[in-house]
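1. build the 3D model from these lines:
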Amino acid sequence: MAFEALRASAMMILDEIAKCPDDRHVLQEQLREKIAEFRGLGLPVPEDLIRFEAELSEADAPEIFPGS
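-> Now for the predicted structure:
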């Protein structure tokens, strides 16, 4: 049950990111924490969560490195 509960809470974070893109940075950190929970419990991290978190990080690259 831990896997399904974690997945459901991660999906709620993704829904919040879609609804409130201005809060994306805070929500992205929550998503990273949720992914860490999966790993901490020895559970497989769903590929879609890993992929989405990577896409969010890539989207931040211009903000981190202006002019690149």
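2. quick one: low-confidence parts of this structure?
-> Per-residue confidence for the chain (pLDDT under 70) gives these ranges: 1, 60-68.
3. the same query, at a cut-off of 50, please.
-> For the chain, residues meeting the criterion pLDDT under 50 lie at 61-68.
4. ranges for the strands of the chain?
-> Residue ranges of strands cannot be listed for the chain, since DSSP state E assigns none.
5. which one is the spatially most central residue of it nearest to, not counting chain neighbours?
-> When the chain is reduced to its mean C-alpha position, the closest residue under CA atoms, centre = their mean turns out to be L31, at 3.2 Å. On the basis of CB to CB, 6 or more residues apart in numbering, the spatially nearest residue to L31 that is not a chain neighbour turns out to be I13, at 5.0 Å. Any C-beta I mention is one placed from the backbone N, CA and C, and that applies to glycine too.
6. what's the burial count for that neighbour?
-> Using other CB atoms under 10 Å, I13 has 19 other residues around it.
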